[in-house]
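Visitor: Based on what follows, work out the 3D shape:
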Amino acid sequence: MDCGTARMWLNGAVGFGAGEMRREGRREQGPSWSRRSGAARALAILPCALALAWAAACAQPLPDATSPGARIYVQECGGCHAAYPPGLLTAAMWEVQVGRMDEVRRRRGLPPLAGDRRSAVLGYLTQHAG
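Guide: Just a heads-up that it's a prediction; the model follows:
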């Protein structure tokens, strides 16, 4: 899901109130929010919370965006998906994620990040990690 898709989904999801459904142009009340179990409430809120976090992440500029590490990060990673703000993950999480993306790159016929480019990307992400 890219930033534009997340925003469209969020705009559509927020248009409905809790327990509300739309049928044939009129509003009807669904199950009362207060009668739902805690798990059902959490499952109902989770997609909206994730979309809000995604939209917020898309709106944030990258820190130190003109640094060599940031430029390589945007070039190598931003070509397939949004260049996520480094503060979204911890340094350890970024190391795992970059390793996971090597496998994704292989499946797409791209070489994994190697050498200086990998060091620059990981250095940038871990320096600005959350």
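Visitor: give me the element the closest residue to L62 other than its chain neighbours is part of.
Guide: Nearest residue to L62, sequence neighbours excluded (CB to CB, 6 or more residues apart in numbering): A70, at 5.4 Å. (C-beta placed from N, C-alpha, C; glycine too.) A70 is part of helix 68-77 when elements are defined by DSSP states H and E.
Visitor: picking that back up, could you check the distance from the residue nearest to L62 over to P63?
Guide: Distance of A70 to P63, given as CB to CB, to the nearest Å: 8 Å.
Visitor: On the pLDDT front, check the residue nearest to L62 for me.
Guide: pLDDT recorded at A70 is 97.
Visitor: before we move on, the earlier item: could you dump the helix holding A70 to PDB, C-alpha only?
Guide: In PDB, the C-alpha atoms belonging to helix 68-77 read as follows (Å, rounded to 0.1, in the frame of the first residue of the first chain):
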ATOM      1  CA  PRO A  68      24.600  10.400   1.000                       C
ATOM      2  CA  GLY A  69      22.900   7.600   3.000                       C
ATOM      3  CA  ALA A  70      19.500   9.200   2.600                       C
ATOM      4  CA  ARG A  71      20.000   9.700  -1.200                       C
ATOM      5  CA  ILE A  72      21.000   6.000  -1.600                       C
ATOM      6  CA  TYR A  73      18.100   4.900   0.600                       C
ATOM      7  CA  VAL A  74      15.600   6.800  -1.500                       C
ATOM      8  CA  GLN A  75      17.300   5.600  -4.700                       C
ATOM      9  CA  GLU A  76      17.500   1.900  -3.700                       C
ATOM     10  CA  CYS A  77      14.400   1.500  -1.600                       C
END
